[in-house]
Each structure stands twice: as C-alpha cells, then as structure tokens.
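*Asks:* Here is the input, now give the coordinates:
(one chain, ligands or ions: 2)
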Amino acid sequence: RSCSGYVSRTRYLMRLREDDEACREALRSGNFLLYHKLAPLLQKTNSGVYKLACLKTSDLEHVLEKVGKDKHFVNESFLLGCTDKSEPQFSLEVGDLDRSALEQECRGMFVDLRKAFFMITGPESALVAKGQALLRWHQTNGFCSATGQPTVRNQSGSFRVCHSSGVTYYPKMAPVAIVLVSDGSRCLLARQAMFPPGMYSALSGFCDMGESLEEALHREVAEEVGLEVENLQYSGSQHWPFPQSSFMLACHATVNPDKTQVNIDTAELEDARWFSFEEITEALQKPPRNPKGEPPVFWVPPPYAIANQLIQEWANQQQLSRKRHGLK
Ligand SMILES: NC(=O)c1ccc[n+]([C@@H]2O[C@H](COP(=O)([O-])OP(=O)(O)OC[C@H]3O[C@@H](n4cnc5c(N)ncnc54)[C@H](O)[C@@H]3O)[C@@H](O)[C@H]2O)c1
Ligand SMILES: [Mg+2]
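*Replies:* Ligands and ions are numbered 1, 2, ... in the order given. So this is what the prediction gives:
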C-alpha cells in the first residue's frame, strides 16, 4: 500500500459521498452527532468540561427506540467526514423528537451553537459547525427554485437534485474577505453595534458576485472606513458558522502612514479605531468578555476566530521588528 493514511481516508470518503449503497453500509458503523432544532448535543466529561456527544450506531438505535422512533431514522443522517481510524461521522437532526427525553437517554444537553462552539475546543468546534451547516442547508433547500418541486438528497447528503428540472444543488458557503489593516505601528479594528460590549475585530465583508478576493478587500475597506489599502498578504481561511456558512478568507494589508484618517460608514460600523502594539498585546492576553455590570474594556475575538489569528500574527510581526530596531 503506497497510500498514506490521509490519502486512503480521503478516497474512502469520496466513495461514500458518491456511492449511496456504500454510504448506507457505512451508517452501520457510524459516529453520530445529534442536533435538536440545530442545537448540538454536548456531554459533560468527568473532569467537568464539555465535549461533543458522539453516538455509535447501536447506541443511537437504542436511544431512538427509547423515544419511540423507528431505527431506520438513522438513514436520514448526513455524512460529515471520518475519524483518524476511518470511522465515518454523520449529523442527524432530531428536532421532531422529545428534547428532554433525548437529553436524558443520551446523558447530555442540546446547546445553542453560539454557546456550544466556544464551550468545546479545536477540531471539535469545526466539526460541530460543519454538522450544523450541512443540516441547515438541507433544511432550507428542500425545493427547486426553478420549478418549486421537491428536491431529493443522495444518501451522503453531498447534493440534492430536482428530478423535474434536472438541476443539482450543492451545499454552499458565502465567501467573506477579512483583513487586518496596519499603518506600520498600529492596526485598525472595528466594531458593529451588535458585537458584545468592548469587542473589536478585523474589517470584513461578503464578496460580491464576480469579484476577486483582492477586489472585495479593497472595496470593503473603502466602504467601511474610507481608506485605500495596499500590500495584500494572504494569511489563511476558515469556515465560519455565524450567522450562516461563511467562508472566511483572511489577509493582511497596509495603508500609507500619512493617510490613516478613518471615515466610518455608520450604517455598518459603530466604531473603528487604530490600536497600538501595547493595547493589542494586552487584549490578546485577556480572557474574552467582561464580567457583568462592569464598563466594557477592549477585547478581541477568541482564538478560534480567524480574526484572532490575524491579530496574533500582526503582534508577532511587530515584536520581531521592534527587536530588530532594539526596542522592547
Ligand atoms: N471568524 C472571524 O474571525 C470573523 C470575523 C469577522 C466577521 N466574520 C463573519 O464574516 C461575515 C461577514 O461579516 P460582515 O458583517 O462584516 O459583512 P458585510 O460587511 O458584508 O455586511 C453584512 C451585510 O452585507 C449584506 N450581504 C451581502 N451578501 C451577503 C450574504 N451572502 N449573506 C449575508 N449578508 C450579505 C447584508 O446586507 C448584510 O447585512 C459574517 O458571517 C461574520 O460572522 C467572521
Ligand atoms: Mg463588514
């Protein structure tokens, strides 16, 4: 076998996506994430931290039986991926079943994704977001927008098809450009009125149809703060589940240090300000969110958000150049 574990897992998933029969077979040895009206099921571990609940097929069938649902309901699941051991992972919406009975049977609780996402960590956050995104997409694409006829899913859930028009629909993400603008010694962060008190983030905006990432970045910065950016540098990307599936494409950019006067689009932003290296390093060390009742202090998005990665990279870069110039 010349295939690496990664390649063989990828090929296996490819087959499950395309081959209904193979996917139905895989449901027999699956790991299932449950969602109740899109809220994922979490379980508290012995050490008191929360983890994503993951049920084996036989456990899920047992739970379904207990709450009075046919075990074939398992077939309504959607394929998400597979574990390192090539165990297929699925998500299943159980919103029509009794919530507290399920919670009791599974010894867990359904938690709104906005909370759950930050209660669990690392790769599990990405998985729980992906599971919800796929369920939501299927729930909102049940009909063909050309004919109004019902669409039919394949077994894995990698697409839906309208047999009347022949149109195939694939799950979608909306591309978003996010950019951390620097003037060389300060970086520009902004807040929307709906952000939690005190939180500032990098500038962002949905890409328009037909636009490149570069065009979207230039346009968003011009629209939101009235500046012209240059020296775009790609940093990374992530799927972001709020409010719905966004595909975040993150870059750094600079402005001429003589042209830093911001002119805020107040319809979009409540505030936009330049922050010093010292302010940023302090914010990066602060735990997110203010204790209740205290006046808002400046803080930045938590580590899992790609905005945090951009801010962290900028701070590292500043630190390096300060060292080079003999500053502390
Ligand atoms: N992960 C992160 O670090 C991070 C940081 C900042 C923003 N975000 C995400 O980026 C996305 C865009 O943020 P924004 O508010 O700056 O966008 P934005 O500046 O484009 O403003 C949002 C407005 O754009 C319009 N719009 C255009 N296309 C849209 C589409 N496909 N879906 C929804 N609205 C669309 C709507 O009128 C909406 O009110 C959001 O999903 C947000 O949660 C993620
Ligand atoms: Mg924006």
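
*Asks:* Quick check: which element contains E282?
*Replies:* Using DSSP states H and E, E282 sits in helix 277-285.

*Asks:* What residues does the stretch 151-300 of the chain have near ligand 1?
*Replies:* Residues of the stretch 151-300 of the chain lying close to ligand 1 (Cβ under 6 Å from any ligand atom) are A174, V176, I178, S201, S204, G205, F206, W240, F242, S246, M248, E268. Just so you know, the C-beta spots here come from the backbone N, C-alpha and C atoms, and that holds for glycine as well.

*Asks:* thinking again about what came up before, tell me how far the helix holding E282 lies from the chain's centre.
*Replies:* 25 Å (Cα atoms, centre = their mean, to the nearest Å).

*Asks:* List the neighbours of that helix that are in contact with it.
*Replies:* Here helix 277-285 makes contact (Cβ atoms under 8 Å, 6 or more residues apart in numbering) with 185-187, 275, 298-300, 308, 311-312, 314-315, 318-319, 322.

*Asks:* same thing but 10 Å
*Replies:* The list of residues contacting helix 277-285 from outside it, by Cβ atoms under 10 Å, 6 or more residues apart in numbering, reads 185-187, 189, 198-200, 273, 275-276, 297-300, 303, 308, 311-312, 314-315, 317-319, 321-322, 327.

*Asks:* among the residues of the stretch 151-300 of the chain next to ligand 1, which are in strands?
*Replies:* A174, V176, I178, S204, G205, F206, W240, S246, M248 (DSSP state E).

*Asks:* In ChimeraX, select just the buried ones from those.
*Replies:* Those of those that count as buried under 16 or more other Cβ atoms under 10 Å are selected in ChimeraX with:
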select :176,178,204,205,240,246,248
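
*Asks:* closest to E21 among the ones in strands among the residues of the stretch 151-300 of the chain next to ligand 1?
*Replies:* The nearest member of these to E21, counting by Cβ to Cβ, is A174 at 33.2 Å.

*Asks:* right, and that closest one touches P241 too?
*Replies:* No - with contact defined as Cβ atoms under 10 Å, A174 does not reach P241; the gap is 11.6 Å.

*Asks:* what sits in contact with each of those two?
*Replies:* Residues within reach of A174 and of P241 at once, by Cβ under 10 Å, 6+ apart: there are none.

*Asks:* How about the residues of the stretch 201-328 of the chain by ligand 2?
*Replies:* S204, G205 (Cβ under 5 Å from the ion).

*Asks:* Closest approach to ligand 2 from the stretch 201-328 of the chain, which residue is it?
*Replies:* Nearest to ligand 2 in the stretch 201-328 of the chain, going by Cβ to the ion, is G205, at a distance of 4.2 Å.

*Asks:* Dig out what that residue forms beta bridges with.
*Replies:* G205 forms beta bridges with A177, as assigned by DSSP bridges.

*Asks:* helices or strands up against the helix of greatest length in the chain?
*Replies:* Looking across the chain with DSSP state H, the single longest helix is helix 306-324. Contacting helix 306-324 under the criterion 3 or more Cβ pairs under 10 Å, 6 or more residues apart in numbering; DSSP states H and E are the following elements: strand 174-182, strand 186-191, strand 203-206, strand 230-240, strand 246-254, strand 271-276, helix 277-285.

*Asks:* picking up where we left off before, just the buried residues from the contacts of helix 277-285, in PyMOL please.
*Replies:* Those of the contacts of helix 277-285 that count as buried under 16+ other Cβ under 10 Å are selected in PyMOL with:
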select buried, resi 186+187+189+198+199+200+273+275+298+299+300+308+311+312+314+315+318
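
*Asks:* what about C144, distance to V152?
*Replies:* 10 Å (Cβ to Cβ, to the nearest Å).

*Asks:* Overlap in contacts, the two.
*Replies:* Listed as contacting both C144 and V152 by Cβ under 10 Å, 6+ apart are R160, V161, C162, H163.

*Asks:* list the contacts for the third one?
*Replies:* Yep, that's C162 we're talking about. By Cβ under 10 Å, 6+ apart, the contact set of C162 is F143, C144, S145, A146, T147, G148, Q149, P150, T151, V152, T168, Y169.

*Asks:* Give the burial count for the closest residue to the last one other than its chain neighbours, as a bare number.
*Replies:* Translated: Y169. Of all residues not flanking Y169 in the chain, R160 sits nearest, at 4.7 Å (Cβ to Cβ, 6 or more residues apart in numbering). With neighbours defined by other Cβ atoms under 10 Å, the count for R160 comes to 21.

*Asks:* what are the ranges of the helices in the stretch 1-150 of the chain?
*Replies:* Here the stretch 1-150 of the chain has its helices, by DSSP state H, counting those that start in this stretch, at 5-18, 20-26, 57-66, 99-106, 113-119, 123-139.

*Asks:* Please name whichever of these is nearest to ligand 2.
*Replies:* Nearest to ligand 2, of these and by Cβ to the ion, is helix 113-119 at 18.8 Å.

*Asks:* Lovely, talk soon.
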